[in-house]
Every structure is written in structure tokens, then in C-alpha cells.
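# I'd like to go over a predicted model; first the sequence, then the structure.
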Amino acid sequence: MSLTRRLAGPGMFMRLLTQAARLRRGQAVAAIAAVTVAAAAASAMLNLFTDVQAKLQGEFRKFGANVVVETRDGQSFAAHDLERINSVLRGRAVALPFAYVVARTKTEQPVVVSGTNLVMARQLNSWWAVSAWPEKPGEALVGVRAAKVLSPMPNRFTLLFQGHSVALSGRGTVQTGSEEDSRIYLSLEDFQSWTGLNPTVLEIFASGSEEKVSRLMRDLAEQFPSLDVRPVRQVREGEARVLGKTRSTLLFSATFIIATAALCVLATLTGWVFDRRHDFAIMKALGGSDELIARFVIAEASLLATVGALLGFAAGAALAAWIGRVNFHAAVSPHLGLLPPVVMGCLAVTLVATLFPLRLLQRIQPAMILRGE
Amino acid sequence: MFVRLVYESFRRQTRRKLLAGTAVTLGAAVATTMLALALSMGDKMSRELRSYGANLVVTPEEERLEVSLGSVDLTPAAAVYLNEDSLPRIKGIFWANNIVGFTPELLVKVSIEHQDVTMLGTYFAQPMRYGSKEFTSGARATFPWWKVYGDWPQDNSQDVLVGEKLAQQLSIGAEGRIMLNRQSHRVSGIIRTGDAQDGQIIAPLHLAQAVAGRPGAVQKIFVSALTKPEDEFARRNPDSLSPRDRDRWYCSPYAQSIAYQLQEAIPHSHAEQIRRIAQNEGQVLSRIEGLMMLITLAALLTSALAVSSAMATAMFERRAEVALMKALGAGYFALTSIFVVESVLLAIVGGLVGFAGGVLLANQFGSAIFDSKLTVEPVLLPVIVVVSIAVSVGGSAAAIRRAVKYDPVLALRGEA
């Protein structure tokens, strides 16, 4: 039986593989380490890239509603329309209703009074600086400018609207630096029992990407042709711009880091193959064909790449999760869908890094290598 | 002899040195670019966040209740106004360079076709001068999301913009004409803002002042400023601070301290932050900055590991050489110093080349994404070189130690 055939036998092939890993443990570990680092860098960056946008979009929602819905004639919404709108929004967005009237104080001073869902407003409008939120019926939140007008009695005051009066107690003040400072806010229930009016404006906090928000707006406009659905351009354009820049920065960093890590793997593995020219020369001298040696190297490199890629993916996912927790206080969950591309990438880089020097070696006579030239 | 050994090693083993050198160079380039990026990210991003518009507002000192609903303003005519002449002083405050733009506002009621409409007088891109500083400011810089179909009016013209909704109601298009107070004005464009302005007429400030009969009057000034995220210290009352702390507070670009300075610059005024913008931009900024810092940290770690693994492999290949030297009587110290000196040389060259490459890349990147170069602090150069040396020597240290410990006999026979 020729040596080639014996070498090519499954038993011998496996033995070559295992012995190579065992006897040259140091090198095998170094090579795996290089692949692991590259795979970790790649999967951390890819995981972050897919998740960070969603996380940042959450942050951007704090700038306020990105869509506003009003009736075309400025009248209040019909009760059944509100229910239908909420069913369209379910799971995609939250709507904060506002009802507005211009009421008069006892001194005939006009003031804008708004009824809203104060519990939701507290959650969504985190920028409102509020001294104390109303909790009981009959309590109002008074804008800092409005409070000065109501003085000397900002704690107990009466408002008049179309002949209906309501007695309110100011529970706290709100300061925002905008029109809210001149307004008085009540709970929607108090507002409705006083004026009998429904909300006139829905401020919608739609989550998700630009396309999702646009689709939501299209859905609303189609189902409610009588309503005016418009984007809050300030919020949407600001978000698009900042998010776009952040994405480009992330993408650039990711490409750069992954490319560097891949090149370092290339450098490490090229060295690894060259270092073993003696082994290959001996195999060849004993009658092993170029093809057999190539198969041996491919098998070895693939094994190495797979182990490295799996270890690296785990480490990278952990790194991304850590970054998510430190920065966004919410873990970046690992995307298993990224595993195949990471493994394939590692295999590709490893094969290029090993087969290229191998081809160079195969052009040389084994005798020259064995003589140490 | 020592110098010759090192020299020959570089001359004869070009391939190995090139591979290890490439790794160090790439590592240094990554480190330089990422550090430059992380360090200037805050600055660049806070500029991008200005696309959310004004974050400070200046109003007359006397409190006045605004009664406005949508595009309709029912506020009773005010008795007190700010003076337009004091506007350029905004560019004279301590943090003048952080002021991206400011825009005055004057609301006037006008009647068009028997309908009450609010007219907003403002600057679009008004040229101004403070001392020797010349600059332009206005809505185009402060409210970047305002979109005009047609042309923006000149600030010294009699032209106006009509809000989208109002234009629909009046069926007016760009280049049409509109009658205001028995005077015909050209409509240079239709404006869409997604806000109250869609139902208003936007005019140059002087025109609104003429209609109101109040020359020089301004109701509000919106200021867009680059600020530092608010912290505990920012919220302190400057008048209750010790003189030293007060100076520190005054000289930090917090929204609060810039508001304080605006109040000083404009007589009888009250300045405060627009909390929706000012509060949130600080948060978004610190999130993005934090993310960049952590990614940079991860990138540095990755490149350090990649470089040390490349160095370790390069070292590993040289067992036979070490064995030969050892057989010829070289001691532990002599051997180690040869390899350490080699890695240091490699690291210095790689570090320098990598730094240069990193600077180029950072500049490319800055102009591609932020339309301005990223500044790379020169102090990064020594840092990068020192780190490169540490990583290369550290990476090869274990391999050197193992190589030196080998039994030369085994290594020379090729059994190691």
C-alpha cells in the first residue's frame, strides 16, 4: 500500500490532526486565540450595531412625541374615534391625549387650561420639572407663569369656561421653559366633567425605525381620513440626523476593528503555516501529495477557525451585553442569527491565511526545506 | 555584536518582521483613530444635536401669561419688550463661541380676508456685527427643520412666507401676493414646520415691527447653544456659591450658566433653558459618548490581544535560532535582551507608522461623516508608542521565556 493511500486513510488523517494539535499545543493555542479575538471583536460590534439603534431610539423618544393627530377643524375627537385610534396604535405607539380650552380666572385673566392623562404625562414627558404631581380629583398642575397670575391664591382658585365654573386646588407647579409654563393642567376626568369636551390633540410617541413610524402614520391617515396626521418635524429630523451620524460612526468603527482583527489573524496564521514547513516537507518526502497536504491543512484550519469562532462569538456577545448594561442599563441580547456569518467569516480568513503560504511552500523542493534553506 | 545580531535579524528575516510589524502598525492605527474618535465624539455630537433647535429662550423680565392654542395667539398685547439693538450682545458673552445661532420673535395679529391671522416676525439670516465680529443669525440656523418651498425672504425685504395650512386655506402659492394692512407683499415661499407656524405668516422682523407699530420690539429670543450635560453642580444657584466655585460655574458651558450670561447681556430679560431640548440632549449625548468610549476600550483590547498573539507566533518560530545561540553559550539575559530590543524597535516603528495612518484615517472619517476634521491631540503620539511597546513586549514575553527555557538539544534536533 502506498504511503499516500495510507496517509489518506481516515484513521491516519485523524491521527495527524490530533497529534499536530497535541504536539504543537503552543502554536495551536496561539492560532485559536487569534481567531477568537477577531471573532469576539466582530460579534461584539455586529451585536451592538443591530441592537444599539433600538436602544438609542428609546432615548430619542424622550424628546417628545414624533407624531401629532388632530381633527381638521380643531374640534374635539369623538369618543369612538379615540378607541379606534388606540386600537391601531396598540403595541406600536403610545398616545397622550390633550384637551385645551381658554378659560378665565376670577380677575378675567384668560388662561389656557388643558386636560390630559397626568399619569402618562409623568412617564412620557420626563423633562417637565414638577414640584408635586396631582393625585386626587380636583387637583391641578399649574405652570410657573400661570401660578404668578393666580397669586395670591395659587392653592385654591376658580376657573370659568362658558358659564361653568370649577374650583381647583393647585397641587404643584410645572416648569419647562416653553408654553406649558403659562398653562394649567388637570386630569382628563376633571376636565371633561367641567367642560364636557373630549381631547383635541393626540401626541403620539411612536417607537421603532423611521420606516415603522412612517407606516404607522400612513395607517392612521388611511383609516381616519377626517383627521390631520402630521409628523413633528423638529423631533423626527433631529433624531434622523443624530441617529444617522451615530450609525455611520458605529459602522465605521465596526468595519475598521473587524478588518484589523482579520489582518492580525492573517499575520498569525501565515506565520503558523510557514513555521511548519518542515512537517510538510517530510510528508512530501514520504510521498504525500500536494493535494493531501492541502486537505490536511484545510481540515486543521477549519477546525481551528470553528473553535475560535464559537469561543469568540460567546466572548463577543458577553462584551456587547456588558456595554449595553453599562451604557444603556439594558442588556444587548445576543443575536444568534449573527453566528453563521461570524463562523463563515472566520473560516474564510483562516483558509486564505493558510492556503496562500502553503502554495508558496509547495513550489519549493522538500529537500531544500529539509536542508534548512 | 549585540547591535549586529539585531540588525541582521531584521535584514534576514524580513518576512517575519513584516508580519509582526504589520500587526503592530494596524493595532496602533486602530488605537489612534478610535481614541481620536472617542475624544472628539462629544464635541461633534453636541453640534449635531443642535439640529433639534434652540435650547434656551430669553423673554422680558416681567412675567406675562401666554395664551396661545395651536397657531392662534390670544395673548393680550404686551407692554414690555426686549430691544432689538441688544441682540448682537449675545455674541459678546463669555461662551459666545458656543452660541450656534439665535432668532428673535415678535408675534403680531393681522387680518387677511377678514380672518385673524398671527404674523411671526423673525430673522432668517440677518447679518450682524458685535465689535469686530461679523456674523449672521436667524431661523435658518436655529430651526433647521423649517422647510421652505420657494425662497427664503431677504431680511431687509418686504417679502413674507406663508404657512402650509394657511396657504391652503387662502389658496396662495409661492410667488403669489398677499394683502396685509392695505399693502401688497410678495409671498416668496410656503413654509412647513409641523408646528404652529404652519398656520401663520412669517415675515422679516422689521415688517412685523412696522405692522405692530413698535420699532425695535422683540418678544422672545431663541438661542441655540452648545452646552455641557447638566450635573449636580450645574443646578446650584450661582449667587449662593463661594467666589471660586462661582467662577467655575460661570466658566462651564452649562445651559444654566449660558442662560445666566444671556440675562446679563440683555437688559431687563429673563433667560431659561427649554427643558425638552436642553435636558434630553445632555442624556442622549452622554449615552452616545459612553457607547463610543466603551467601544474604543473594546477596540483597544482587541488590537492589543491581536498584536500580542501575532508577536507570540513570530517569536515561536525562532526556537531553533534561540537554541543555537544558547548552544553557543548565550546567557538568559543576553538572549532575552536581544528579543526585547527587537520587539521594542518593531513597536516604535509600527507605533509611528500606525499613528500617522490613524491620523489620516481619522481625518478622512471626520470629513466623511461630520464634514469637519477630527482633531488628533499630539499628546496621543507618545501614548500610542508607549502602549505599542508595552503590548509588543508583553505579547512576546511569554514566548521569549519559553523559547529561552527550551533544551537546545531538543530544539536543534527539531523535536520541540
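Happy to help now that I have it.
# and residue B:38, what's its pLDDT?
The per-residue pLDDT reported for residue B:38 equals 87.
# no, scratch that, I was asking about residue B:153
95.
# might one say that it is in contact with residue B:162?
No: using C-beta atoms under 8 Å, residue B:153 makes no contact with residue B:162, being 10.9 Å away. For glycine as for every other residue, the C-beta is placed from the backbone atoms N, C-alpha and C.
# of these two, which one has the most company?
residue B:162 (31 against 22; other C-beta atoms under 10 Å in any protein chain shown).
# tell me which element residue A:84 falls in.
helix A:79-89 (DSSP states H and E).
# packing partners of that helix?
strand A:93-104, strand A:201-206, helix A:210-223 (3 or more C-beta pairs under 8 Å, 6 or more residues apart in numbering or on different chains; DSSP states H and E).
# which other residues reach that helix?
In this structure, residues lying in contact with helix A:79-89 by C-beta atoms under 8 Å, 6 or more residues apart in numbering or on different chains are A:69, A:77, A:95, A:97, A:198-199, A:202, A:204, A:206, A:216, A:219-220, A:223-224, A:227.
# now do stretch B:169-176, average pLDDT.
pLDDT averaged over stretch B:169-176 gives 86.
# would you mind listing what in the stretch 201-350 of chain A touches chain B?
Applying C-beta under 8 Å from any C-beta of the partner chain, we find that the stretch 201-350 of chain A lies next to chain B at A:230-238, A:241-242, A:245-246, A:248-250, A:252-253, A:256-257, A:260-261, A:263-265, A:267-268, A:270-272, A:274-275, A:278, A:319, A:323, A:326-328.
# count of neighbours near residue 318?
You didn't say which chain, so I picked chain A. Neighbour tally, residue A:318, other C-beta under 10 Å: 15.
# wrong chain, I was asking about chain B
Neighbours of residue B:318 (other C-beta under 10 Å): 20.
# residues contacting it?
Per C-beta under 8 Å, 6+ apart, neighbours of residue B:318: B:16, B:403.
# from residue B:143, how far out is it?
66 Å (C-beta to C-beta, to the nearest Å).
# how about residue B:370?
For residue B:370 relative to residue B:143 (C-beta to C-beta), the value is 21 Å.
# show me where pLDDT drops low in the chain?
Unless you meant another one, I'm taking chain A. A:1-10, A:152-154, A:372-373 (pLDDT under 70).
# ah, no, chain B please
In chain B (pLDDT under 70), the answer is B:71, B:77-78, B:316, B:411-416.
# nearest residue to the middle of it?
Centroid-nearest residue in chain B: residue B:44, 1.5 Å away (criterion: C-alpha atoms, centre = their mean).
# by contact count, what packs against the host helix or strand of that residue?
Element membership for residue B:44 (DSSP H and E) is helix B:14-49. Judged by 3+ C-beta pairs under 8 Å, 6+ apart, helix B:14-49 is in contact with helix A:233-275, helix B:275-316, helix B:332-369, helix B:380-405.
# which of those is buried the deepest?
Most buried of those, by mean neighbour count (mean count of other C-beta atoms under 10 Å in any protein chain shown): helix B:275-316, with a mean of 24.
# tell me if it is near chain A.
Yes: using C-beta under 8 Å from any C-beta, helix B:275-316 comes into contact with chain A via B:275-280, B:283-284, B:287-288, B:290-292, B:294-295, B:298-299, B:302-303, B:305-307, B:309-310, B:312-314, B:316.
# ok so, going back, chain center to the helix holding residue B:44: distance?
Centroid separation for helix B:14-49 versus its chain: 19 Å, with C-alpha atoms, centre = their mean, to the nearest Å.
# in it, which residues are buried?
Residues of helix B:14-49 classed as buried by neighbour count (16 or more other C-beta atoms under 10 Å in any protein chain shown): B:16-17, B:19-42, B:44-46, B:48-49.
# what's the angle between it and helix A:233-275?
170 degrees (axes from the mean of the first three to the mean of the last three C-alpha atoms, to 10 degrees).
# residues in contact with whichever helix or strand comes after helix B:14-49?
Remark: after helix B:14-49, the chain's next helix or strand is strand B:56-60, criterion DSSP H and E. Defining contact as C-beta under 8 Å, 6+ apart, one finds that strand B:56-60 is touched by A:177-178, B:78, B:80-82, B:219-225, B:255, B:258-259, B:262-263, B:266, B:268-274, B:278.
# you'd agree residue A:204 is up against residue A:97?
No: Residue A:204 lies out of contact with residue A:97 (C-beta under 8 Å); the separation is 10.0 Å.
# follow-up on the earlier one: tell me how far the residue nearest to the centre of chain B lies from residue A:193.
In terms of C-beta to C-beta, residue B:44 sits 52 Å off from residue A:193.
# and the nearest residue to residue A:150 once chain neighbours are set aside, how many neighbours?
Excluding its sequence neighbours, the residue lying closest to residue A:150 (C-beta to C-beta, 6 or more residues apart in numbering or on different chains) is residue A:157, at 5.1 Å. Residues lying near residue A:157 (other C-beta under 10 Å) number 22.
# over to residue A:157: give its phi and psi.
Backbone torsions of residue A:157, given as degrees, to the nearest 10, read phi -150, psi 160.
# burial measure for residue B:3, as a count.
8.
# residues touching the residue in the stretch 251-400 of chain B that chain A sits nearest to, list them.
Going by C-beta to the nearest C-beta, chain A is nearest to residue B:306 of the stretch 251-400 of chain B, at 3.4 Å. Going by C-beta under 8 Å, 6+ apart, residue B:306 touches A:34, A:37-38, A:260-261, A:264-265, A:268, B:23, B:26-27.
# same question for residue B:105.
So residue B:105 contacts B:120-122, B:218-222 (C-beta under 8 Å, 6+ apart).
# among these, which are in strands?
B:120-122, B:218, B:220-222 (DSSP state E).
# what about residue B:148, which SS state?
strand (DSSP: H, G, I helix; E, B strand; the rest coil).
# okay, and the closest residue to it other than its chain neighbours sits in which element?
Leaving aside its sequence neighbours, residue B:148 sits nearest to residue B:189 (C-beta to C-beta, 6+ apart; 4.3 Å). Applying DSSP H and E as the criterion places residue B:189 in strand B:183-192.
# can you name the next helix or strand after that strand?
strand B:201-204.
# describe which strands that following strand pairs with in its sheet and in which direction.
In the sheet, strand B:201-204 lines up against strand B:115-122 (parallel), strand B:160-163 (antiparallel) (DSSP bridges).
# can you list these in a markdown table and add distance to residue B:201?
Below are those laid out as a markdown table (distance: least, C-beta to C-beta, whole Å):
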| stretch | distance to residue B:201 |
| --- | --- |
| strand B:115-122 | 5 |
| strand B:160-163 | 5 |
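# could you identify which of these is most buried?
Most buried among these, given mean count of other C-beta under 10 Å as the contact rule, is strand B:160-163, at a mean of 27.
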